[in-house]
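K.L.:
kindly generate the corresponding structure for this input.
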Amino acid sequence: MTVSPLQGITTACFGLSYLCAFLLELARYTRPGAVWRWAGVGFGAAGLAAHTLYLALHPPAPAAAYGALLLLAWVLALVYLYGTVHYADRAWAVFVLPVVIALVGLSLALAGTGATDPDLGLPGWLSGDRFWGVVHGTLILLAAGGVSVGFLTSVMYLVQARRLRAKVNPGAVVPLLSLERLEAWNRTAVNLAFPLLTAGLLVGTFLLRPAHDLGDNWLSLKVVSSAGLWLVFPVLTYLRYATGVPPRRLALLTVAAFALTLVALAAAHPFAGGGQ
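P.N.:
Here you go, the predicted structure:
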């Protein structure tokens, strides 16, 4: 049987492509020139293409930490490519790509630590195609993507606000989006992530069955961190519309939400087969 050369795509292929794209983006600001930008975009696009093919040929289990982080890295790679093309004159890739690379590296570190085909316990006629399991995983992934975008724009906001307070010469630093644009991105990301996370957790609750050891697993790291993440969102919403709340506090709380998201994704899945 002939084996397609695409089967040889590994995480190293797109991980190194993202790293090259990041280094070229840094070179773009140290030695201005269009060649650096387009070379960086080329490596980034190649990395995203290889990443997509890898996920298509070797689909990971979303319930496993390795799969969840690799899928989130793919979502943020899409955000990177959109932003670096749409905001060509602003520093976007230098903030997004390190997170993408870190997620790929973390996924590799956690590879093989859990089950590859988790049993989500789908009831009755749904157990064949695991439809609701896919819905649950997709909703959680999209919510994590929203939190991640909120995190990235919060970091950019904090950097930009610090520059303005210090009255840094704009021509002497890497240009960023305006505070208003960053705040709008953050608000949209958080507003979308909250209902997605809520729906994902509700579907996940629906998938539970008596065979799961609920008494112990409700106190697992994954469940506790997911619940904590959900509770952060009402606080964020309240503070966003409350008067007199510094935007910096909102940005820091969004950074904390992203940290909880990573913990929830990297933690072992208590209700999946194999402990992941």
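
K.L.:
please count neighbours and contacts with C-alpha atoms only from this point.
P.N.:
OK.

K.L.:
any weak-confidence spans in the stretch 51-200 of the chain?
P.N.:
Under the criterion pLDDT under 70, the flagged ranges of the stretch 51-200 of the chain are 112-130, 170-172.

K.L.:
how does it look with 90?
P.N.:
56-67, 85-91, 108-137, 163-178, 183-184, 187, 190 (pLDDT under 90).

K.L.:
for it, which segments count as strands?
P.N.:
Read by DSSP state E, counting those that start in this stretch, the stretch 51-200 of the chain holds no strands at all.

K.L.:
ranges for the helices of it?
P.N.:
With helices called from DSSP state H, counting those that start in this stretch, the stretch 51-200 of the chain shows them at 65-86, 93-110, 131-166, 179-206.

K.L.:
need these in CSV with mean neighbour count and distance to residue 222, can you?
P.N.:
Converted to CSV, these look like this (neighbours: other Cα atoms under 10 Å; distance: least, Cα to Cα, whole Å):
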stretch, mean neighbour count, distance to residue 222
helix 65-86, 22, 10
helix 93-110, 20, 15
helix 131-166, 21, 13
helix 179-206, 18, 12
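
K.L.:
switch those over to TSV; also include distance to residue 252.
P.N.:
Listed next are the helices of the stretch 51-200 of the chain as TSV, based on distance: least, Cα to Cα, whole Å:
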stretch	distance to residue 252
helix 65-86	20
helix 93-110	16
helix 131-166	7
helix 179-206	12
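
K.L.:
which one of those helices lies nearest to residue 19?
P.N.:
Nearest of these to residue 19, taken as Cα to Cα: helix 93-110 at 6.9 Å.

K.L.:
residues contacting the closest one, please?
P.N.:
By Cα atoms under 8 Å, 6 or more residues apart in numbering, the residues outside helix 93-110 that reach it are 11, 15, 18-19, 22, 25-26, 65-67, 69-70, 72-74, 76-77, 79-81, 83-84, 152, 156, 266.

K.L.:
what about 7 Å?
P.N.:
15, 18-19, 22, 25-26, 65-66, 69-70, 73, 76-77, 80, 84, 152 (Cα atoms under 7 Å, 6 or more residues apart in numbering).

K.L.:
next: stretch 136-152.
P.N.:
Counting by Cα under 7 Å, 6+ apart, residues outside stretch 136-152 touching it are 62, 72, 75-76, 95-96, 186, 189-190, 192-194, 196-197, 199-200, 203-204, 254-255, 257-258, 261.

K.L.:
CA-only coordinates of that stretch, as CSV, when you get a sec.
P.N.:
The C-alpha atoms that make up stretch 136-152 are tabulated as CSV, following Å, rounded to 0.1, in the frame of the first residue of the first chain:
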residue,chain,number,x,y,z
HIS,A,136,-19.1,19.7,23.9
GLY,A,137,-15.5,19.7,22.7
THR,A,138,-16.1,22.3,20.0
LEU,A,139,-17.9,24.7,22.4
ILE,A,140,-15.1,24.4,25.0
LEU,A,141,-12.4,24.9,22.3
LEU,A,142,-14.1,28.1,20.9
ALA,A,143,-14.6,29.4,24.4
ALA,A,144,-10.9,28.8,25.1
GLY,A,145,-10.1,30.6,21.9
GLY,A,146,-12.1,33.6,23.0
VAL,A,147,-10.3,33.7,26.4
SER,A,148,-7.0,33.4,24.6
VAL,A,149,-7.8,36.4,22.3
GLY,A,150,-8.9,38.3,25.4
PHE,A,151,-5.6,37.5,27.0
LEU,A,152,-3.5,38.6,24.0
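
K.L.:
can you offset everything so residue one is 45?
P.N.:
New numbering, starting at 45: the last item is stretch 180-196.

K.L.:
so which of the helices of the stretch 95-244 of the chain is nearest residue 75?
P.N.:
It's helix 137-154; of these, that one is closest to residue 75 (Cα to Cα) at 14.9 Å.
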